[in-house]
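Novice: Can you look at this prediction? I've put the sequence above it.
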Amino acid sequence: MKITWIEHSSFLIELPKHVLVLDYYGKDRLPLPAGKSAVFFASHHHADHYDKAILEHGTEQIWYVLSRDIYGDQDDHHIKVKPHQRYEFNGMTIETLKSNDEGVAFIIEAEGWRILHAGDLNDWHWDEENEQDRHENAVLKQRFDRELERVKGRTFDLAMIPTDPRLGNGYNLGLLGWAEACHLGWIAPMHTFGDKAVIDKLLHDPACAALKNQILDLRFGPIELRDPH
């Protein structure tokens with residue numbers, strides 16, 4: 001596997017037979033490796049996770065797996081997904097979780113890899129200035145924990161997880177939650193809004209010390225990962 005961090009929560013994953021493009025936005029049309037099936041995933045309609053320009057790639061050996069909140073028709077190449085479902089096509093298995101913000105998180109099994117892209121499913125602990133803020137954080141945490149319970153004990157060879165610097169000291173809570181609930185292999189931090197210094201912060205964060213050797217530093221280009229099995 002070769003993984004490239006494009007920007008924010010956007011990744012390109014190249015496998016021997018498939019190319020996976022996740023939550024692509026904000027760039028020119030993406031050049032795709034030739035001779036492989038390509039699948040574009042969009043976890044929800046937010047502008048930092050979906051750009052309708054991806055549809056310009058057409059449908060020749062290309063498929064689109066889009067959260068149902070994204071406007072557009074469904075056909076054999078445009079698959080609309082909803083939470084807590086399982087889909088099989090093109091030699092892959094795709095499961096969905098329900099985001100505690102918008103849309104879905106993706107669990108993808110392809111060519112022996114078990115891949116998580118969390119979308120906007122995260123422990124969103126925002127600053128609390130009043131009782132309403134505390135209540136909203138508690139509701140978000142409850143919804144996050146409920147989804148983690150559905151996958152508790154499962155293994156993900158590669159996990160793309162939000163580490164949003166806007167959350168301040170709580171930027172790592174989602175990652176720690178996933179790591180406690182599941183067995184994580186490689187970890188690709190995301191949802192950084194261009195602040196890639198968060199990678200250094202993670203690598204030197206005592207709370208994340210046990211995960212340090214699993215965190216991918218993709219700031220300087222793609223990384224080749226060995227087959228985990």
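Specialist: Nice, I can see it.

Novice: Spatially central residue for this protein, please.
Specialist: Residue closest to the average C-alpha location in the chain (C-alpha atoms, centre = their mean): residue 117, at 2.4 Å.

Novice: measure that residue to residue 188 for me?
Specialist: Counting by C-beta to C-beta, to the nearest Å, the gap between residue 117 and residue 188 amounts to 9 Å. C-beta here means a position set from N, CA and C on the backbone, and glycine is covered the same way.

Novice: before we move on, what about residue 38?
Specialist: According to C-beta to C-beta, residue 38 stands 19 Å off from residue 188.

Novice: Who has more neighbours out of those two?
Specialist: Neighbours per residue, other C-beta atoms under 10 Å: of residue 38 and residue 188, the larger number sits with residue 188, 25 against 20.

Novice: name the element that one belongs to?
Specialist: In the assignment (DSSP states H and E), residue 188 maps to strand 183-190.

Novice: after that strand, next one along is what?
Specialist: Using DSSP H and E, the next helix or strand after strand 183-190 towards the C-terminus is helix 198-203.

Novice: That next one - what's its average pLDDT?
Specialist: For helix 198-203, mean pLDDT rounds to 96.

Novice: So which other helices or strands are in contact with it?
Specialist: With contacts defined as 3 or more C-beta pairs under 8 Å, 6 or more residues apart in numbering; DSSP states H and E, the packing partners of helix 198-203 are strand 183-190.

Novice: Torsion angles phi and psi at residue 224?
Specialist: Torsion angles at residue 224 (phi, psi; degrees, to the nearest 10) stand at phi -90, psi 130.

Novice: What count of nearby residues applies to residue 208?
Specialist: Residue 208 has 20 nearby residues by other C-beta under 10 Å.

Novice: okay but residue 151 is in contact with residue 184, surely?
Specialist: No. Using C-beta atoms under 8 Å, residue 151 makes no contact with residue 184, being 11.2 Å away.

Novice: So if I had to pick from these two, which one is more boxed in?
Specialist: Each of residue 151 and residue 184 has its neighbours counted (other C-beta under 10 Å); residue 184 has more, 21 against 17.

Novice: Which residue comes closest to that one once chain neighbours are left out?
Specialist: Using C-beta to C-beta, 6 or more residues apart in numbering and skipping the chain neighbours, the partner closest in space to residue 184 is residue 159 (4.9 Å).

Novice: And the average pLDDT for the strand or helix carrying the one you found is what?
Specialist: Following DSSP H and E, the helix or strand that holds residue 159 is strand 155-162. Average pLDDT, strand 155-162: 98.

Novice: swap in stretch 16-32?
Specialist: Here stretch 16-32 scores 87 as its mean pLDDT.
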